[in-house]
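Enquirer: I'd like to go over a predicted model; first the sequence, then the structure.
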Amino acid sequence: MTRSSLTTPPPGANLPEAQPGAPSPGSALVSHYDQCFACGPAHPTGLHLTARTPDGATVEAEFTVGEAHQGAPRLAHGGVLATAMDEVIGMSVYLLHKPYVTGRLETDYLLPVPVGTTLHLRAWCNGIAGRKAYLEAEGRIGAPDGPVAVRAAALFIEVNMEHFAKHADLAVTAADHQDYEVNP
Ligand SMILES: CCCCCCCCCCCC(=O)SCCNC(=O)CCNC(=O)[C@H](O)C(C)(C)COP(=O)(O)OP(=O)(O)OC[C@H]1O[C@@H](n2cnc3c(N)ncnc32)[C@H](O)[C@@H]1OP(=O)(O)O
């Protein structure tokens, strides 16, 4: 992965630890919002990603490139692929059991991804320093051990639930996310 210093854990960053109440190994991860473009089951034209954590530390999901996802003829649009990477990384911060948002997302496109391809996505956290979480993801063609088509590195920033209150109903959002530890 070609990454900048902004998405590289600094010296002294801590590796994530299992959080009480976080999704346990083998469990499915629920959508954080049913209208999310990437994971919302009620979104009419979204990617409808579903994810799980096999081990409590990494997250896996699959994304099949459809007709609606094209950039070049018969090939996935890079922005759509970046969305899938952002989301699987976003799902992996569930395991940290606190709300985070994407601050920075870097993406390497290594192979074209044709319509009809199923990308096997995997994301994990490389380190935490204060409010910053350093994460990584990869998308492999056709199988969990298939060729890597996309890699991403990201910096996510921990926020409090009020972050989501400016443009939505905080009470409803908080009620939907009682699973998150709420920041002081
Ligand atoms: C209920 C729903 C559930 C959960 C919902 C989960 C949704 C998941 C969906 C998938 C993920 C998304 O797409 S999320 C949507 C896309 N992202 C966003 O909308 C975020 C928009 N940006 C922001 O709101 C803001 O910039 C924040 C929150 C990221 C940071 O603002 P802040 O809280 O004021 O903090 P700030 O002091 O600026 O930054 C804190 C530290 O991080 C560093 N930092 C901040 N941004 C960057 C950056 N881009 N690149 C490098 N470093 C950065 C700062 O230098 C600082 O370092 P130092 O000085 O401390 O060293």
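Expert: Arrived safely.
Enquirer: give the contact list for V150.
Expert: L81, A84, M85, T107, D108, Y109, L110, V113, L119, E138, G139 (C-beta atoms under 8 Å, 6 or more residues apart in numbering). The way it works is simple: take the backbone N, C-alpha and C, and place the C-beta from them, glycine included.
Enquirer: Kindly recompute the last result at 7 Å.
Expert: Neighbouring residues of V150 by C-beta atoms under 7 Å, 6 or more residues apart in numbering: L81, M85, T107, D108, Y109, L110, E138, G139.
Enquirer: Contact partners for the nearest residue to E162 once chain neighbours are set aside?
Expert: Nearest-residue entry for E162: L170, 6.7 Å, with adjacent residues in sequence omitted and distances by C-beta to C-beta, 6 or more residues apart in numbering. Neighbour list for L170: M161, E162, F164 [criterion: C-beta under 7 Å, 6+ apart].
Enquirer: start to end distance for stretch 37-44?
Expert: Criterion C-alpha to C-alpha, to the nearest Å; first-to-last residue distance in stretch 37-44 is 9 Å.
Enquirer: Would you mark the buried spots in that stretch?
Expert: Residues of stretch 37-44 classed as buried: A38, C39, G40, H43 (neighbour count, 16 or more other C-beta atoms under 10 Å).
Enquirer: So what does the closest residue to the ligand within the chain look like in phi/psi?
Expert: The ligand sits closest to G90 of the chain, with a gap of 3.0 Å, by C-beta to the nearest ligand atom. Recorded main-chain torsions at G90 are phi -60, psi -40, according to degrees, to the nearest 10.
Enquirer: Pick out the least confidently modelled helix or strand of this structure, by mean pLDDT.
Expert: helix 170-176 (a mean of 73; mean pLDDT, DSSP states H and E).
Enquirer: would you turn the contacts of V150 into CSV with neighbour count, secondary structure and distance to the ligand?
Expert: Shown next, in CSV, are the contacts of V150 (neighbours: other C-beta atoms under 10 Å; DSSP: H, G, I helix; E, B strand; the rest coil; distance: C-beta to the nearest ligand atom, whole Å):
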residue, neighbour count, secondary structure, distance to the ligand
L81, 24, helix, 14
M85, 29, helix, 10
T107, 19, strand, 13
D108, 15, strand, 18
Y109, 15, strand, 19
L110, 14, coil, 22
E138, 20, strand, 17
G139, 30, strand, 16
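Enquirer: Many thanks, we can stop here.
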